[in-house]
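[1] Build the 3D model from these lines:
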Amino acid sequence: MFDNLKILFIGGDQLRHLYYLNQIHKIFPVTSAIIENRVSGTNIQVPIPPSDLSEHDKNNFLKHFSQRFESEKVFFGNQTLPDIPILNIEQSELNSNKTTDFVKSINPDLVLIFGCHLIKDPLLSVLPKHTINLHGGLSSRYRGTATMFWPFYFLEPNHVGTTFHFIVSEPDAGNVIHQSVPTLEYGDKIHDVACKAILQSSKDIIKLIEIFKKNGKWNIFPQKSTGKNFLENDFKTEHLRIIYDLFDNDIVDNFLDNKIKSKTPNLIKQF
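    Predicted coordinates for the structure are as follows:
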């Protein structure tokens, strides 16, 4: 249906975002990209812990975020932006005339989103019908922020995954076209599973684009109303005690040994 598919990517500039973009670009050349600056300092990947933490919780905080950065380097390697027209923006410019003018100049057939902040008007109103967000969580059970962390906290490591959904004004609430989960293996730690979820999603998006290019559409599934929208302030450093103090980051091994029981997620699948 589409001989020359025009794809616009809107996302962040962290390793996982660039990996996703580059994997797509290898198979389906991306026409252009809007890149939000998420890396604004050498220590952005390892944030500074809150000053009021105990020494023990401070160590857990630093361990958690430093290991996340190290895992992403292992799984995603060095990533650079492809040689395509790029509009670099700050968060404050995401929903602005600057971005809407750029989108209008491209007139994309398909917009793929991963890693930017919430898209609202005026940008939302100029995006095409087929604008798909990759949400790092299985919606609607895990919506909002840190949604690859919360399944571990609730001892559901098999619920770490991603959701491809249409974008709407409410966070992570649009109709779903596909969900991905990684294969859990002995030795997987919390950040390994999150990275593996992005690897699997980067493979699945290629199949989704192939379907769209052939048919011009996907099967669409409305989201259930049940679930939780996790907010940024829901996370407390003390939650990390479950991961590191109680289970020593071996939740996957405990799950595979049937020492932790979790129902299999009912995934939405396009293929």
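
[2] how about the helices of the stretch 51-200 of the chain, start to end?
    Listed in chain order, the helices of the stretch 51-200 of the chain (DSSP state H, counting those that start in this stretch) span residues 55-76, 97-106, 123-126, 150-153, 190-215.

[3] Using JSON lines, lay out the ones you listed together with distance to Phe235.
    Just so you know, the C-beta spots here come from the backbone N, C-alpha and C atoms, and that holds for glycine as well. Shown next, in JSON lines, are those (distance: least, CB to CB, whole Å):
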{"stretch": "helix 55-76", "distance to Phe235": "11"}
{"stretch": "helix 97-106", "distance to Phe235": "29"}
{"stretch": "helix 123-126", "distance to Phe235": "27"}
{"stretch": "helix 150-153", "distance to Phe235": "8"}
{"stretch": "helix 190-215", "distance to Phe235": "13"}
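
[4] out of those helices, nearest to Lys6?
    Taking CB to CB, helix 97-106 is the member of the helices of the stretch 51-200 of the chain nearest to Lys6, at 6.5 Å.

[5] Sort out which residues of the closest one are buried, please.
    Within helix 97-106, the residues that count as buried by 16 or more other CB atoms under 10 Å are Thr99, Thr100, Phe102, Val103, Ile106.

[6] Return, as residue ranges, the portions of the stretch 1-150 of the chain with sub-threshold pLDDT.
    Confidence mapping of the stretch 1-150 of the chain against pLDDT under 70 gives the ranges 1-2, 40-45.

[7] Strands of that one, start to end?
    Applying DSSP state E, counting those that start in this stretch to the stretch 1-150 of the chain gives strands spanning 7-12, 32-36, 86-89, 110-114, 131-135, 142-144.

[8] what lines up beside the fourth one in the sheet?
    The pairing partners recorded for strand 110-114 under DSSP bridges are strand 7-12 (parallel), strand 131-135 (parallel).

[9] the inter-axis angle of it versus helix 190-215?
    180 degrees (axes from the mean of the first three to the mean of the last three CA atoms, to 10 degrees).

[10] So what touches strand 110-114?
    5-12, 17, 20-21, 24, 103, 119, 127-128, 130-134, 167, 205, 209, 212 (CB atoms under 8 Å, 6 or more residues apart in numbering).

[11] Quick one: closest of the strands paired with strand 110-114 to His239.
    strand 131-135 (20.7 Å).

[12] re earlier: turn the strands paired with strand 110-114 into a markdown table, columns for distance to Val39.
    Output for these, formatted as a markdown table (distance: least, CB to CB, whole Å):
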| stretch | distance to Val39 |
| --- | --- |
| strand 7-12 | 8 |
| strand 131-135 | 19 |
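
[13] Tell me which of the helices of the stretch 51-200 of the chain is the most buried.
    For the helices of the stretch 51-200 of the chain, average neighbour numbers computed from mean count of other CB atoms under 10 Å are highest in helix 150-153, which has a mean of 22.
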